[in-house]
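# here are the coordinates; sequence isn't available:
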Ligand code: PMP
Ligand code: GLN
């Protein structure tokens with residue numbers, strides 16, 4: 001093989017490339033806070049309570065089922081819509097949990113993660129100029145996903161410090177261009193959850209309109225204090241205008257698997273799949289086969305909420321020895337803490353300083369607001385081994 005570079009060819013390519021440019025579709029976007037804080041944590045060898053991923057091992061049985069699937073030869077494409085036995089198990093779970101009948105053939109699409117499901121749903125429906133109501137603090141992908149589709153995010157702050165939806169404000173912000181309302185329960189970053197009265201309000205806001213709903217339920221099951229998950233799937237009248245997005249990675253403690261699914265009406269699902277089939281086409285096979293077996297054991301998902309609630313309680317108990325003040329968390333991997341007794345720095349300065357000086361990474365909540373609204377609160381991820389939480393709090397006590 002000739003490895004020599006032909007100098008005249010090289011000059012030609014260099015010249016051509018240096019004259020090429022693209023117009024950024026996301027000119028205001030940098031690198032996500034999760035990437036930034038995780039890189040900083042690893043560079044400084046800090047304990048990472050920033051990015052939301054468990055540091056404890058995932059379920060051994062699920063690992064074995066996926067290994068077995070690989071060994072049995074499930075290593076080729078599954079259908080574009082997803083492995084049918086997995087979709088059937090999901091439909092069965094929904095019938096058991098939410099008493100709703102979902103057609104696995106026409107209403108469930110397996111996706112490479114929840115983020116992708118959300119992006120695909122938005123891309124399926126949004127036209128330039130459409131307005132999308134987003135509640136802030138909002139998960140970081142929502143606004144860019146709307147903007148890249150040339151639609152307009154209409155931002156509404158959740159009422160601090162309870163982080164509740166102000167439905168009166170929602171009514172005021174509805175216009176003839178409102179195409180969609182995005183919901184997230186259990187909520188990232190705050191750990192709040194939708195209540196029955198929110199569903200009633202939502203129902204009255206969308207009645208007699210063509211407004212659609214995107215419901216991000218990637219923290220399904222991770223709900224505490226005997227609260228009921230107000231999944232949109234419980235409400236057939238709302239489901240018919242919704243895309244409901246889930247994540248296996250988040251709930252089964254394997255965020256690196258990036259597998260999830262989207263549930264919608266048959267008509268919307270047909271359109272969703274048109275976008276999906278030319279982007280990812282079909283998702284990882286052995287994980288779908290493994291999960292289709294694993295989901296048959298109800299205990300696997302019924303135990304998840306209690307397990308994560310114990311993590312929240314343990315972390316909260318440890319944190320009571322620090323100067324941080326806990327805001328309530330009712331679900332998800334996260335709890336928000338007020339640090340106003342410690343410092344009046346901005347939350348970004350504060351999180352950077354405590355990562356550098358005390359070796360604990362967290363996430364400043366202001367990054368989840370377009371305006372950078374800073375309520376002097378930071379988000380900690382408690383989905384960690386008890387010893388990780390203990391070591392982190394030993395350090396936080398010193399602040
Ligand atoms: N939505 C929210 C609110 C999240 O916190 C996450 C975090 N992972 C996602 C969506 C994306 O899930 P996935 O990792 O399955 O893409
Ligand atoms: N959802 C995770 C979090 O909120 C992060 C996922 C990601 O890094 N995009 O921490």
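Okay, I see it. All values reported here derive from a predicted model rather than from experimental measurement. Residues are numbered from 1 along each chain as shown. Ligands and ions are numbered 1, 2, ... in the order given.
# How about the secondary structure of the closest residue to ligand 2 within the stretch 101-250 of the chain?
Here the stretch 101-250 of the chain gets closest to ligand 2 at one residue, residue 188, 5.0 Å apart by CB to the nearest ligand atom. Where C-beta positions appear, they are placed from N, C-alpha and C, glycine not excepted. Taken by DSSP: H, G, I helix; E, B strand; the rest coil, the conformation at residue 188 corresponds to coil.
# Quick one, grab the pLDDT at it.
Looking at residue 188, its pLDDT stands at 98.
# so residue 76 touches residue 285, yeah?
Yes. In this structure residue 76 lies within contact range of residue 285 using CB atoms under 8 Å: 6.5 Å.
# Comparing those two, which shows the higher neighbour count?
Neighbour count, other CB atoms under 10 Å: between residue 76 and residue 285, residue 285 has more, with 19 against 7.
# Please say whether there is contact between the helix or strand containing residue 120 and ligand 2.
In this structure, residue 120 sits in helix 114-125 according to DSSP states H and E. No. Judged by CB under 6 Å from any ligand atom, helix 114-125 stays clear of ligand 2, getting no closer than 6.6 Å.
# neighbouring contacts of that helix?
Here helix 114-125 makes contact (CB atoms under 8 Å, 6 or more residues apart in numbering) with 109, 111, 132, 141-142, 145-146, 149, 151, 179-180, 212, 214, 216, 218, 243, 245-247, 249-250, 258, 260-262, 264, 268, 271-272, 274-276, 279-280.
# same check, this time on stretch 220-231
97-98, 185-186, 193-196, 198-199, 215, 217, 244, 246, 250-251, 301-302, 304-305, 308-309, 312, 329-333.
# Buried among those residues? Make that a PyMOL selection.
The PyMOL command for the buried members of these (criterion: 16 or more other CB atoms under 10 Å) is given here:
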select buried, resi 97+98+185+186+193+194+195+198+199+215+217+244+246+250+251+301+304+305+308+309+312+329+330+331+332+333
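# Tell me which of the contacts of stretch 220-231 fall in helices.
In helices, defined here by DSSP state H, the members of those are 97-98, 196, 198-199, 250-251, 301-302, 304-305, 308-309, 312.
# Please list which of those are also close to ligand 1.
Okay, of the ones in helices among the contacts of stretch 220-231 touching ligand 1 (CB under 6 Å from any ligand atom), that's residue 250.
# Please produce JSON lines containing the ones in helices among the contacts of stretch 220-231, extended by pLDDT and distance to residue 55.
Shown next, in JSON lines, are these (pLDDT from 0 to 100; distance: CB to CB, whole Å):
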{"residue": "97", "pLDDT": "97", "distance to residue 55": "28"}
{"residue": "98", "pLDDT": "97", "distance to residue 55": "31"}
{"residue": "196", "pLDDT": "97", "distance to residue 55": "35"}
{"residue": "198", "pLDDT": "98", "distance to residue 55": "33"}
{"residue": "199", "pLDDT": "98", "distance to residue 55": "35"}
{"residue": "250", "pLDDT": "95", "distance to residue 55": "14"}
{"residue": "251", "pLDDT": "95", "distance to residue 55": "16"}
{"residue": "301", "pLDDT": "94", "distance to residue 55": "21"}
{"residue": "302", "pLDDT": "96", "distance to residue 55": "23"}
{"residue": "304", "pLDDT": "97", "distance to residue 55": "17"}
{"residue": "305", "pLDDT": "97", "distance to residue 55": "20"}
{"residue": "308", "pLDDT": "98", "distance to residue 55": "14"}
{"residue": "309", "pLDDT": "98", "distance to residue 55": "18"}
{"residue": "312", "pLDDT": "98", "distance to residue 55": "16"}
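# Sounds good, over and out.
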